[in-house]
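**Q** quick one: sequence and predicted model below, then my questions.
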Amino acid sequence: MLSHNPSLGYLFLPPFVIFAQNTLAMRRRFLILMIICTLPQLLRAGVVPLKDGDIPGLVAGSVNEYAGDVFLQYKGSDAGLYLEYGFKNLLVQQLMLGNEELRLEVFEMDSPEAAYGAYSVSVVRCTFKDTIADHDCQSRFQYLAAQGNLFILIGSVSGNPRIGSQLLAVAGALIRSNPAPSFDLPEVFLQGRIRTTGKMTYFAKGAIGLQNCPLPWQDLMFGVRFSMYATLIPDQWGDIFFARITFREPGDMNRFLKAAGLMELNTPVSSKLNAGIFREYQTTSGPLTILFLQSQQTISIRQVTGGF
């Protein structure tokens, strides 16, 4: 008796069946090859640059991208700030709008939070804020925005102070070409005195970002691994500084509380007035996240946050 060999049955299949099976196998292999080849593009779609006519009178020029060592060489000492937040890629495009030369820079960051952080420490003075993006700033000759994981900067090469309103049209075209979900600040920054009278909410996650925030806490953060949202609330009795700080490890939080004078015999204390500076901290639902306040007057976190 001959042993059964399934492979021999292939020899006795009708020719049209063999052709169909071979064609199907080839299509499968081709499809797999196409997926492999296009996977990098699928995983990183990148920024869609502007093109001629996106708005009336716009002429889109050259596009260059910078990442890795090339980005370090291009940005020099400024590269550290973006790398600290989490940087992926920079797109630079030259534009002409009428007779005005514009420069577009779009930083792709690791997350919307990182993009907002880079934006928050770059804002200096705004004529208008939060106009066509959830977080944006238009000055007389520059426009900045955090849109999804993008930090956008558009400026006049000549520094023409009359270009401001036209930058909004350019930014709007770019944002429409790169839609992204909105990024919301932590809820505590959207209520109470923080919402009504608070200034810019900054986000910092390291020493370089902190140096670019107008906060008097550099000495408190020495050797501490953290990420922090913070704002300044003007007050007739002295500015109030308020923050939500997340630490990487319990030791980081203890080092911060000790530096802030909120530790006695290795035990945290919730508030203290020392040399005319009042500080208070409050725990949150996260074991390594706290609310922190500093002022020249005795005022509680609850008074600032509206009872949060």
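**A** That came through fine. These numbers were taken from a predicted model, which means no experiment stands behind them.

**Q** what bits of the chain have low per-residue confidence?
**A** Within the chain, the stretches with pLDDT under 70 are 1-45, 308.

**Q** the most centrally placed residue in the chain: what's it in contact with?
**A** Nearest to the geometric centre of the chain sits residue 115, at 1.6 Å (CA atoms, centre = their mean). Contacts of residue 115 were listed using CB atoms under 8 Å, 6 or more residues apart in numbering, and they are 107, 109, 146, 147, 148, 149, 150, 151, 183. All C-beta spots, glycine's among them, are computed from the backbone N, C-alpha and C.

**Q** what number of residues lie near the fifth one?
**A** One way to gauge burial is a neighbour count; for residue 148, by other CB atoms under 10 Å, it gives 21.

**Q** which is the next helix or strand following the host helix or strand of the residue nearest to the centre of the chain?
**A** Here residue 115 is covered by helix 112-120, with elements defined by DSSP states H and E. Counting by DSSP H and E, the next helix or strand C-terminal to helix 112-120 is strand 128-129.

**Q** where do the strands sit along the stretch 151-300 of the chain?
**A** Along the stretch 151-300 of the chain, counting by DSSP state E, counting those that start in this stretch, strands occupy 202-204, 226-233, 240-247, 263-264, 267-268, 271-274, 277-283, 289-295.

**Q** what's the answer for the stretch 1-150 of the chain, then?
**A** Per DSSP E, counting those that start in this stretch, the stretch 1-150 of the chain carries strands over the ranges 58-66, 87-97, 100-109, 128-129, 135-138, 142-147, 150-156.

**Q** does anything pack onto the shortest one? Which helices or strands?
**A** Spelled out, that is strand 128-129. Applying 3 or more CB pairs under 8 Å, 6 or more residues apart in numbering; DSSP states H and E, one finds that strand 128-129 contacts strand 135-138.

**Q** mean neighbour count and distance to residue 281 added to the strands of the stretch 1-150 of the chain, as JSON lines?
**A** Shown next, in JSON lines, are the strands of the stretch 1-150 of the chain (neighbours: other CB atoms under 10 Å; distance: least, CB to CB, whole Å):
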{"stretch": "strand 58-66", "mean neighbour count": "15", "distance to residue 281": "41"}
{"stretch": "strand 87-97", "mean neighbour count": "19", "distance to residue 281": "31"}
{"stretch": "strand 100-109", "mean neighbour count": "21", "distance to residue 281": "29"}
{"stretch": "strand 128-129", "mean neighbour count": "13", "distance to residue 281": "30"}
{"stretch": "strand 135-138", "mean neighbour count": "22", "distance to residue 281": "27"}
{"stretch": "strand 142-147", "mean neighbour count": "26", "distance to residue 281": "28"}
{"stretch": "strand 150-156", "mean neighbour count": "22", "distance to residue 281": "30"}
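
**Q** figure out which of those is closest to residue 214.
**A** strand 135-138 (15.4 Å; CB to CB).

**Q** partners of that closest one, with directions?
**A** The pairing partners recorded for strand 135-138 under DSSP bridges are strand 128-129 (antiparallel), strand 142-147 (antiparallel).

**Q** turn the strands of the stretch 151-300 of the chain into CSV, columns for mean neighbour count and distance to residue 65.
**A** Listed next are those as CSV, based on neighbours: other CB under 10 Å; distance: least, CB to CB, whole Å:
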stretch, mean neighbour count, distance to residue 65
strand 202-204, 24, 25
strand 226-233, 22, 28
strand 240-247, 22, 32
strand 263-264, 13, 48
strand 267-268, 12, 48
strand 271-274, 13, 50
strand 277-283, 18, 43
strand 289-295, 21, 36
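
**Q** determine which of these approaches residue 47 most closely.
**A** Nearest to residue 47 among the strands of the stretch 151-300 of the chain is strand 202-204 (21.5 Å), distances taken as CB to CB.

**Q** hmm, who's touching the closest one?
**A** 113, 116-117, 120-121, 209-210, 212-213, 215, 227-231.

**Q** direction included, what does it pair against?
**A** Here, using DSSP bridges, strand 202-204 pairs with strand 226-233 (antiparallel).

**Q** what's the spacing between the partner strand and its chain's center?
**A** Averaging C-alpha positions (CA atoms, centre = their mean, to the nearest Å) puts strand 226-233 15 Å from its chain's average.

**Q** now that strand - C-alpha only, CSV.
**A** What follows is strand 226-233, C-alpha atoms only, in CSV (Å, rounded to 0.1, in the frame of the first residue of the first chain):
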residue,chain,number,x,y,z
PHE,A,226,9.3,66.6,37.8
SER,A,227,6.7,67.9,35.3
MET,A,228,4.8,71.0,36.3
TYR,A,229,2.0,73.3,35.2
ALA,A,230,2.3,76.7,36.9
THR,A,231,0.8,80.2,36.7
LEU,A,232,1.1,83.6,38.3
ILE,A,233,-1.9,85.3,39.8
